[in-house]
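K.L.:
any chance you could fold what I've pasted below:
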Amino acid sequence: MKILGISEGSHDAAWTLIEDGEILEAHHLERHTRIKNDKWLKMELLPWANTVIGHENRRRVNERRKEAGQALLAHGLDDWCGIDHEYNHYETHAWAGWSTSTFNDCDILCVDAIGERETAAVFEVRDKIFTKTWEMKYPQSLGLAYSAVTAALGYKPMEEEYIVMGLAAYGEPIVDFDYLLDINCHKGIHLPKGSPEDIAASIQVFYERQLLKLIDRYCKHKNLILMGGCALNCVANSKIKDKNIWIMPNPGDAGSSLGAAARHYKKKLNWKGPYLGTLIENNINPRIVARHLLEYGVVGVANGRSEFGPRALGNRSLLADPRRDISDTVNDIKRRQRFRPFAPAIVEEYSEQFFEGPMNEYMQFVAKAKHNYKSVTHVDGTARVQVVKPNTEGTLLREILEEWFRLTGCPMLLNTSLNIKGEPMIDTWEQAKEWERKYNVKVF
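P.N.:
The predicted structure is shown next:
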């Protein structure tokens, strides 16, 4: 039976199609419509399925919104073809994490802005039985607090929190933001005095402290799954000690389309990796890509199935030579602020030679750099490392890295998403060629 899980209505709509435990496809809507964070699914884009499952209970969402005097959610896809069942927001977050993990027994901590009435939850999984052991209720919310500060600093809430996380490395925590847990952050806040960098550092420390407190109190199992949009805070994730951690590469609401389908299936899924979107088949030659990099310093790659998640992991990537002082050049190409850091992708066998600290395949932690490549090192000496294993399924990034290492003796490349600030990642080959023409960077 084909199960279509959907997520829509708040931001970053997505769909996932599964059958008999296999993930057939998973897509972000914005990559197809080219509207950043597009939130209502389009019937003509969706594959056929036996049943359609929603990622949250919109009746409960609208009850809460009505009480708060907010506009009610429209029905979206329900107007087109009908949604057969809806599970609860944090339930689908939890299932997206558990169904793609190698864990059987574990604790699952879900933290984001808001679901129905809850804003965070912990689930205990024992013998495949999920038990909710704790929850936080609106208006208290760690995610809304971080988003409120993001907005007050002049960035887009529910989208650019990662910019604030990067900015935090330039400042010192001077403000105690604990009071944000006692007010309704949906209504916005007035910032105390302080530089943007210090304000960013303060909200980052607030979130880290609260996250670690929740884990200490409610997550006793050695195996821990983190889900919800806040699980993208790789700096905070790196502060967690003595746990086996799994974070599905798309932990936010878009990833809950997979969670909705998995919850309905009621079993583990066959997780092979995040390369689940639109397919580009170009049979590119890794040796030619590496040689182009050696000559020009930067190159785009649009090949294979696009990544399901917010981070480019080799199939819709802009790659650059980390040995060069090239970060300003790449930031200018992408129209980003120059203080923004870049991540390295590195051959797994050399990762501990060049970095110290937590690292994995999906850029979910930060590690201390033990090298002098400034283009892939943030101002605080850390990097969000992507470890690329041998025989990584679904991408040619490992082969490109091996060719690059053979040519240069450097086992890593700068890796960032193939897009421009504020625009969705490139999805199709036609979009890639237009991007190449417009920004004068070769795309393979």
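
K.L.:
C-alpha only now, for contacts and for neighbours.
P.N.:
OK.

K.L.:
list the residues that contact residue 247.
P.N.:
97, 225, 226, 227, 231, 364 (CA atoms under 8 Å, 6 or more residues apart in numbering).

K.L.:
highest neighbour count among those residues?
P.N.:
Highest neighbour count within the contacts of residue 247: residue 227, with 34 neighbours (other CA atoms under 10 Å).

K.L.:
mind checking how far that residue is from residue 348?
P.N.:
25 Å (CA to CA, to the nearest Å).

K.L.:
got it, and residue 213?
P.N.:
Using CA to CA, one gets 32 Å for the distance from residue 213 to residue 348.

K.L.:
looking at these two, which is more packed in?
P.N.:
Each of residue 213 and residue 348 has its neighbours counted (other CA under 10 Å); residue 348 has more, 19 against 12.

K.L.:
and the gap between the residue most central in space within the chain and residue 63?
P.N.:
The centre of the chain sits closest to residue 310, judged by CA atoms, centre = their mean, with a distance of 4.2 Å. Using CA to CA, residue 310 is found at 30 Å from residue 63.

K.L.:
likewise residue 441?
P.N.:
Distance from residue 441 to residue 63, by CA to CA: 49 Å.

K.L.:
what does residue 164 give?
P.N.:
Residue 164 sits 32 Å away from residue 63, going by CA to CA.

K.L.:
show me which of these two is the more surrounded one.
P.N.:
Each of residue 164 and residue 63 has its neighbours counted (other CA under 10 Å); residue 164 has more, 24 against 14.

K.L.:
OK, contacts around the residue nearest to the more buried one when sequence neighbours are not counted?
P.N.:
The shortest distance from residue 164 to any residue other than its chain neighbours is 5.6 Å, reached at residue 200 (CA to CA, 6 or more residues apart in numbering). Residue 200 makes contacts with 149, 164, 165, 167, 168, 171, 173, as judged by CA under 8 Å, 6+ apart.

K.L.:
recalculate using a threshold of 7 Å.
P.N.:
Residue 200 makes contact with 164, 165, 167, 168 under the criterion CA atoms under 7 Å, 6 or more residues apart in numbering.

K.L.:
tell me how far the last one lies from residue 233.
P.N.:
Pointing back at residue 168 there. To residue 233, residue 168 is 12 Å away according to CA to CA.

K.L.:
same question for residue 43.
P.N.:
The value you get for residue 43 to residue 233, if CA to CA is used, is 33 Å.

K.L.:
of these two, which one has the most company?
P.N.:
Between residue 43 and residue 233, counting by other CA under 10 Å, residue 233 is the more crowded of the two (19 against 14).

K.L.:
how about that one, phi and psi?
P.N.:
Backbone geometry at residue 233, expressed as degrees, to the nearest 10, gives phi -80, psi 90.

K.L.:
check the closest residue to residue 9 other than its chain neighbours and give its pLDDT.
P.N.:
Leaving aside its sequence neighbours, residue 9 sits nearest to residue 39 (CA to CA, 6+ apart; 5.2 Å). pLDDT, the model's per-residue confidence, is 94 for residue 39.

K.L.:
got a list of what residue 39 touches?
P.N.:
8, 9, 10, 11, 12, 13.

K.L.:
repeat that with 8 Å
P.N.:
8, 9, 10, 11, 12, 13, 29.

K.L.:
do you know the pLDDT at the closest residue to the residue nearest to the centre of the chain other than its chain neighbours?
P.N.:
Ranked by CA to CA, 6+ apart and with sequence neighbours excluded, the top spatial neighbour of residue 310 is residue 250, at 6.8 Å. We have a pLDDT of 98 for residue 250.

K.L.:
low-confidence ranges in this protein?
P.N.:
Low-confidence segments of the chain (pLDDT under 70): 74-81.

K.L.:
can you pull out the helices in it?
P.N.:
Under the criterion DSSP state H, helices of the chain are mapped to 29-33, 58-67, 77-80, 89-100, 142-152, 161-167, 196-218, 234-237, 256-265, 286-296, 327-334, 351-354, 397-408, 429-439.

K.L.:
minimum distance to residue 274: which of these has it?
P.N.:
helix 89-100 (10.3 Å; CA to CA).

K.L.:
which residues does that closest one contact?
P.N.:
In contact with helix 89-100 (CA under 8 Å, 6+ apart) are residues 55-57, 104, 108-110, 115-116, 120-121, 123, 225-228, 246-248, 251-253, 255-260, 262-263, 267-271.

K.L.:
returning to what we had before: could you dump the contacts of residue 200 to CSV with distance to residue 428?
P.N.:
Formatted as CSV, the contacts of residue 200 follow (distance: CA to CA, whole Å):
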residue, distance to residue 428
164, 30
165, 30
167, 32
168, 35
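
K.L.:
looking at the residues you listed, spot the one nearest residue 157.
P.N.:
Among the contacts of residue 200, residue 164 lies closest to residue 157 (CA to CA), at 10.2 Å.

K.L.:
would you mind measuring from that closest one to residue 158?
P.N.:
Remark: distance between residue 164 and residue 158 (CA to CA) = 12 Å.

K.L.:
over to residue 440?
P.N.:
From residue 440 to residue 158 the distance is 31 Å (CA to CA).

K.L.:
of the two, who's got more company?
P.N.:
residue 158 (21 against 11).

K.L.:
residue contacts, the more buried one?
P.N.:
Residues near residue 158 by CA under 8 Å, 6+ apart: 11, 147.
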